[in-house]
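Student: Sequence first, then the predicted structure:
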Amino acid sequence: AAAALTARRRAAALRRLEAGGRALPAAYLPGRPTWIADRIRLTDDRIFAQYGLRLGLVWPRLWLLLEADARNQVTRARDRFEQAGVLAGWAVLYLVPAPWWWPALPISLGLGVLAWWRARSAAALFADIVEATVDLHHRRLAAELGFPVEAGRVLDAATADAINDQLHKGGSGYRQATSTGAPIEPTPYPSSSSVSDSRERQQPDDPAAVGSNTTLA
């Protein structure tokens with residue numbers, strides 16, 4: 001059922017884009033059976049497309065660098081999403097007495113629609129705030145990790161790869177040419193003084209896209 005829903009949503013999105021004479025990267029097209037799941041997934045994909053960073057890797061470290069106000073913004077958005085989930089739970093529970101008490105059915109339907117609407121708006125807000133947090137603070141994270149950051153310039157691809165690899169402790173292989181069988185060179189790190197900087201780290205032959213979990217703080 002999930003695969004069928006995903007294919008249907010993807011086909012509908014392609015028709016809308018074709019009708020409008022527009023195009024999107026394949027990663028931005030629907031890849032989950034629901035809009036909410038896609039919006040959460042896109043948070044990681046959009047950040048990777050823009051900066052080459054994997055959100056599941058950088059977020060825990062970025063969270064430790066945030067000031068209280070920035071953390072509160074993220075927490076409040078996440079709380080709104082969780083409250084919508086609680087409301088959806090009540091909608092399901094009201095179905096239980098429906099066979100014996102008919103008013104429970106319209107109450108359940110009303111709560112379900114309200115929960116769906118609130119969950120969509122809360123998921124969009126949460127994803128936007130997470131993206132904005134990365135937009136504003138990813139350069140600070142790179143500097144804290146010891147990577148050179150030029151004023152007014154975005155991170156280059158090599159630096160983003162090295163950050164991913166360092167945070168994944170040498171096991172990521174992100175954006176490496178492993179699918180073609182090309183040899184993988186050790187990732188350059190900011191300083192040769194660290195023990196981990198000077199040793200040869202073996203990359204996996206077929207690295208999985210681990211670290212992209214978007215269940216965030």
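Tutor: Everything's here; your move.
Student: pull the longest helix from this structure.
Tutor: In the chain, with assignment by DSSP state H, the single longest helix is helix 104-144.
Student: That one packs against which elements?
Tutor: Applying 3 or more Cβ pairs under 8 Å, 6 or more residues apart in numbering; DSSP states H and E, one finds that helix 104-144 contacts helix 35-51, helix 55-65, helix 68-93, helix 157-167. C-betas here are computed from N, CA, C, even on glycine.
Student: how much space between the spatially most central residue of the chain and His168?
Tutor: By Cα atoms, centre = their mean, the chain has its centre lying nearest to Asp44, at 2.8 Å. The gap separating Asp44 from His168 is 14 Å, by Cβ to Cβ, to the nearest Å.
Student: Then Trp101?
Tutor: Distance, Trp101 to His168, using Cβ to Cβ: 54 Å.
Student: same check, this time on Gly52
Tutor: Taking Cβ to Cβ, one finds Gly52 at 13 Å from His168.
Student: worst-scoring helix or strand of this structure, pLDDT-wise?
Tutor: helix 195-198 (a mean of 34; mean pLDDT, DSSP states H and E).
Student: Test my guess that the residue nearest to the centre of the chain contacts Arg54.
Tutor: Yes: in this structure, Asp44 is within contact of Arg54 by Cβ atoms under 8 Å, at 6.8 Å.
Student: For His137, give me its contacts.
Tutor: Counting by Cβ atoms under 8 Å, 6 or more residues apart in numbering, His137 makes contact with Leu62, Leu65, Leu66, Ala70.
Student: Just the buried ones out of the residues you listed, please.
Tutor: Buried residues within those, counting neighbours by 16 or more other Cβ atoms under 10 Å: Leu62, Leu66, Ala70.
Student: Touching, the last one and Thr133? I think so.
Tutor: Just to be clear, that refers to Ala70. Yes: using Cβ under 8 Å, Ala70 makes contact with Thr133 at a distance of 6.3 Å.
Student: and Phe48, how many neighbours does it have?
Tutor: Phe48 is flanked by 19 other residues according to other Cβ atoms under 10 Å.
Student: what's the closest non-adjacent residue to it?
Tutor: Arg54 (6.0 Å; Cβ to Cβ, 6 or more residues apart in numbering).
Student: And the pLDDT for the one you found?
Tutor: Listed pLDDT for Arg54 reads 92.
Student: my read: it touches Asn164, true?
Tutor: Yes: with contact defined as Cβ under 8 Å, Arg54 reaches Asn164; the gap is 5.4 Å.
Student: okay, those two: which has more neighbours?
Tutor: Higher neighbour count among Arg54 and Asn164: Arg54, with 25 against 22, using other Cβ under 10 Å.
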